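Colleague: Test case, fold it:
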Amino acid sequence: MSNKTTAIACSNIALIKYWGNFDARLRMPLNDSLSMNLDALTTQTTVEFEDALEQDVVVVNDAAADEKTWNRVREHLDRLRALAKISTHARVHSRNNFPSATGLASSASAFAALTLAGARAAGLALEERALSIVARQGSGSAARSIPSGFVEWLAATNVTSTSDQSYARQLMPPDAWDLRDVIAIVSRDAKKVGSSEGHALVNTSPFLGERISRLPTRYHRVRRELLNKNLKGMGTEIEAEAIELHLLAMTSRPPIFYWAPATVRVMDAVRQWREEGLQAYYTLDAGPNVHVLVEAKDADEVASRLRTFADVQDVIVSGAGGGARVNDAHLF
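Modeller: Predicted coordinates:
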């Protein structure tokens, strides 16, 4: 069979975080989360199922995938093959336009693009919700990169929940709010502990129960202020949320430290800028790089200030991005 398909998907930045699973095998999260797709950070993936292949071939950023990545992609292709009732191996080429494994949700865009391209190449016509459910099983946050714009991911953590109840859906389209994410790249190095390992260790933190009990209040507050497009109203909450994620990581056994010295310097600077009247708020995923959320009118100023830091290697400015989509520009 041959039905080559290419898809592009955006990374996303979580406003309410995903950290820990109710069901690790199916990547059903412990809590609902909120995110914004990032139009400047994308993964492009081409998939073709080829009868002549004896095993799956996976190329990432123009190099053969390492064994860990190959196995993870193969497992995801197996999910799609099972749905399509085929056994044909696939050729997969994937390319990011931003650093991988540095806390910029590269697995979110990668598995969202792989899910859409793989499904179409296998002859599946899956709707958005079904694509989100499948993408979630490859990488939890990939569920949020399937819909467009500002997204909420429903956890479905009740003991009677089934996999099809945990999916992401659009909360607002990307053009609903001209919010910008100004990203300070303080490290391009792959993190030593991946997010999957972090999710597995979160239950060893003594603070997990406290987080879960308090999170619904924060979630609904941030969701409300997001819908109201009130950056000031949600800003301090998303900062607290980011610190809490890293608190859980640092208090896991063994502890996980994602921050770099420059991470703290940027966070301190953002708080200082706010005292001076510049409305900017930081958040972080599981990595050292800092996302600074501002309205569009302040993006250039914040980017300019971040570029003055000696230990900020690059600055990426992103608006809200669209959902996973098919593209004709094949990678092979």
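Colleague: Could you use CA atoms for every contact and neighbour count after this?
Modeller: OK.
Colleague: can you give me how far the longest strand that the chain contains is from the chain middle?
Modeller: Longest strand in the chain, counting residues (DSSP state E): strand 33-49. Centre-to-centre, strand 33-49 and its host chain are 9 Å apart (Cα atoms, centre = their mean, to the nearest Å).
Colleague: From the contact counts, what lies against that strand?
Modeller: For strand 33-49, the helices and strands in contact under the criterion 3 or more Cα pairs under 8 Å, 6 or more residues apart in numbering; DSSP states H and E are strand 5-16, strand 90-96, helix 106-121, strand 150-153, helix 208-227, strand 314-318.
Colleague: Touching the next helix or strand after it from outside, list them.
Modeller: Later in the chain than strand 33-49, the nearest helix or strand by DSSP states H and E is strand 57-60. For strand 57-60, the surrounding residues in contact (Cα atoms under 8 Å, 6 or more residues apart in numbering) are 64, 65, 70, 73, 90, 91, 92, 93, 94, 95.
Colleague: repeat that with 10 Å
Modeller: With contact meaning Cα atoms under 10 Å, 6 or more residues apart in numbering, strand 57-60 is reached by 45-48, 64-67, 69-71, 73-74, 89-96, 110.
Colleague: Of the residues you listed, grab the buried ones for ChimeraX.
Modeller: ChimeraX command restricting the contacts of strand 57-60 to the buried ones, with burial defined by 16 or more other Cα atoms under 10 Å:
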select :45,46,47,48,65,70,73,74,89,90,91,92,93,94,95,96,110
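Colleague: residue ranges for the strands of the stretch 151-300 of the chain, please.
Modeller: With DSSP state E, counting those that start in this stretch, the ranges of strands along the stretch 151-300 of the chain come out as 168-172, 179-185, 281-283, 290-295.
Colleague: among the ones you listed, which is nearest residue 243?
Modeller: With Cα to Cα as the measure, strand 281-283 is the member of the strands of the stretch 151-300 of the chain nearest residue 243 (8.0 Å).
Colleague: strand partners of the closest one, parallel vs antiparallel please.
Modeller: Using DSSP bridges, strand 281-283 pairs in its sheet with strand 290-295 (antiparallel).
Colleague: which residue of the chain sits farthest from its center?
Modeller: residue 52 (34.1 Å; Cα atoms, centre = their mean).
Colleague: Surely that residue touches residue 87?
Modeller: No: assessed by Cα atoms under 10 Å, residue 52 is found out of contact with residue 87, at 11.8 Å.
Colleague: Could you list the low-pLDDT ranges of this structure?
Modeller: Scanning the chain with the threshold set as pLDDT under 70 gives 1-2, 157-160.
Colleague: Walk me through the domains of it.
Modeller: Following automatic domain parsing, one finds the domains of the chain at 5-175, 178-318.
Colleague: Can I get those domains in a markdown table including distance to residue 328?
Modeller: Formatted as a markdown table, these follow (distance: least, Cα to Cα, whole Å):
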| stretch | distance to residue 328 |
| --- | --- |
| domain 5-175 | 6 |
| domain 178-318 | 23 |
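Colleague: Please name whichever of these is nearest to residue 324.
Modeller: domain 5-175 (4.3 Å).
Colleague: returning to that earlier point: redo the helices and strands packed on strand 33-49 as TSV? Include distance to residue 235.
Modeller: Output for those, formatted as TSV (distance: least, Cα to Cα, whole Å):
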stretch	distance to residue 235
strand 5-16	9
strand 90-96	29
helix 106-121	23
strand 150-153	16
helix 208-227	8
strand 314-318	18
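Colleague: quick one, which of the domains of the chain is packed in tightest?
Modeller: Compared across those, domain 5-175 shows the largest average neighbour count, a mean of 22 (mean count of other Cα atoms under 10 Å).
Colleague: Nearest to residue 332, out of the domains of the chain?
Modeller: domain 5-175 (7.3 Å).
Colleague: Report the separation between the residue farthest from the centre of the chain and residue 90.
Modeller: 10 Å (Cα to Cα, to the nearest Å).
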